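1. Sequence and predicted structure below; questions after.
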Amino acid sequence: MIPTLTDLRERARKRLDPRVYDFFEGGAGGETALHENEAAFRRLALLPRVLRGAATRDLSVTLCGDRLAMPVLVSPTAFHRLAHPEGEPATARATAAAGTVLVTGMAATVPVAEVTAAARAVQADAAVWFQLYLQPEPEVTLALVRRAERAGCTALVVTVDSPVFGRRERDARHGFDDLPAGLAAENMRGLPGATDDRPRDIAMSPGLSWDDLRRLRAQTRLPVLLKGILHPGDARIAVAEGVDGLLVSNHGGRQLDAAPASIEALPAVAEAVAGRIPVLLDGGVRRGSDAAVALALGASAVGVGRPVLWGLAADGEKGVRHVLELLRAEFDHVLALCGGGSPADLGPDLVVARGSVRGGEAR
Ligand SMILES: Cc1cc2nc3c(=O)[nH]c(=O)nc-3n(C[C@H](O)[C@H](O)[C@H](O)COP(=O)(O)O)c2cc1C
Ligand SMILES: CC(C)CC(=O)C(=O)O
């Protein structure tokens, strides 16, 4: 039994080529945002309530029409076959078994239709969402959206924090700038810019605007969530535009190194949204208590990126199952210790800053 996600991280490190481990683990620039994502959770404490008569607990939440058995989902990460030969289908089977959502990446090493099929083989109504970088040519974006729709994805997650690619210094040091032979971003085949033996490269597009998002929303009936929102002003615009959900994220510290920790950006975004659409968070979630803090500060669910890659590298599908089971069990335990019966019982009055002499005030 591997007791914590940190133990799995160590096991993954031992198994992976150091260049791949560093690609997964690394952040942009001096890795301040990467470090702060985890450190900021350590600066927060939960102030538990007692004697609340919560004899039974129900961890489930519903997001954009999909029911999740727990408020933890799998954030999109690229190139799962770098971690394990079975790649994204192994992740999809484990996530479906846990009863939660997999956000499969546009940069997956297995086509989206095979990822959804793997999830559905385990659980007929398994929910898989598709993460998308809007391409500068709308027709290319549309072709990708149609692929995701045909594959049965139930939501689109548009990553908006990557107008340019983050400067990843570990990758530069290793000269890690291409996938090994035999691995490719399979969703990018057969698109303009692709050749017979090489898929189109994923373009980052600094010229994108809300107009592009409006066009996308007019072309699909799927719910559209935005991933990578940190500024409350953007959250307000997104709500006014009719976006279906937000994911507060600094991309695991891989884009703007000067960005705040995700958990530090969450309260202002949640306040701006005021419950009108679901707000999710990813970045630095390593324990059930981190999930509980995020929910208390206004998130409807949290995502995990690297922990899933550690599980996959350590032990394939079984490793990912273990990651999700650990998070479920830890979250359930923390909820019980806080006197809660469901995620809705966690509110901002339960979170205090560590080290503040006054501690929390009763609210
Ligand atoms: C190796 C790796 C690849 C990633 N690839 C993508 C991607 O293709 N698209 C995307 O929107 N986010 C991507 N992300 C960011 C994750 O979705 C997520 O925001 C981040 O990993 C959350 O932080 P955590 O790793 O601390 O849980 C990637 C992250 C990692 C570590
Ligand atoms: C190579 C990219 C498509 C994925 C990635 O590393 C990221 O989004 O952080």
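-> Now that the structure is in, tell me what you want to look at. Numbers count the residues shown, from 1 in each chain. Ligands and ions are numbered 1, 2, ... in the order given.

2. close to ligand 1, is stretch 290-297?
-> No: residues of stretch 290-297 contacting ligand 1 under CB under 6 Å from any ligand atom: none, with a closest distance of 9.6 Å. No exception for glycine: its C-beta is placed from N, CA and C like everyone else's.

3. so residue 114 makes contact with residue 89?
-> Yes: counting by CB atoms under 8 Å, residue 89 is a contact partner of residue 114 at 6.0 Å.

4. The two: who's more crowded?
-> Using other CB atoms under 10 Å, the more surrounded residue of residue 114 and residue 89 is residue 89, with 21 against 17.

5. What distance do you get for the closest residue to residue 314 other than its chain neighbours to residue 90?
-> Excluding its sequence neighbours, the residue lying closest to residue 314 (CB to CB, 6 or more residues apart in numbering) is residue 11, at 4.1 Å. Separation of residue 11 from residue 90 (CB to CB, to the nearest Å): 16 Å.

6. of those two, who's got more company?
-> The neighbour comparison of residue 11 against residue 90 (other CB under 10 Å) goes to residue 90, with 25 against 16.

7. The more buried one in helix, strand or coil?
-> Assigned by DSSP: H, G, I helix; E, B strand; the rest coil, the conformation of residue 90 is helix.

8. so how far is residue 307 from it?
-> Taking CB to CB as the measure, residue 90 falls 15 Å from residue 307.

9. name the element residue 302 belongs to?
-> Using DSSP states H and E, residue 302 sits in strand 301-304.

10. quick one: average pLDDT of that strand?
-> Averaging pLDDT along strand 301-304 gives 99.

11. And it, what does it pack against?
-> On a contact count with 3 or more CB pairs under 8 Å, 6 or more residues apart in numbering; DSSP states H and E, strand 301-304 meets strand 72-74, strand 279-282, helix 288-296.

12. Can I get the ones you listed in JSON lines including distance to residue 2 and mean neighbour count?
-> Converted to JSON lines, those look like this (distance: least, CB to CB, whole Å; neighbours: other CB atoms under 10 Å):
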{"stretch": "strand 72-74", "distance to residue 2": "17", "mean neighbour count": "27"}
{"stretch": "strand 279-282", "distance to residue 2": "22", "mean neighbour count": "28"}
{"stretch": "helix 288-296", "distance to residue 2": "15", "mean neighbour count": "26"}
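
13. These: which one's closest to ligand 2?
-> Distance to ligand 2, taken as CB to the nearest ligand atom, is lowest for strand 279-282 among the helices and strands packed on strand 301-304, at 11.9 Å.
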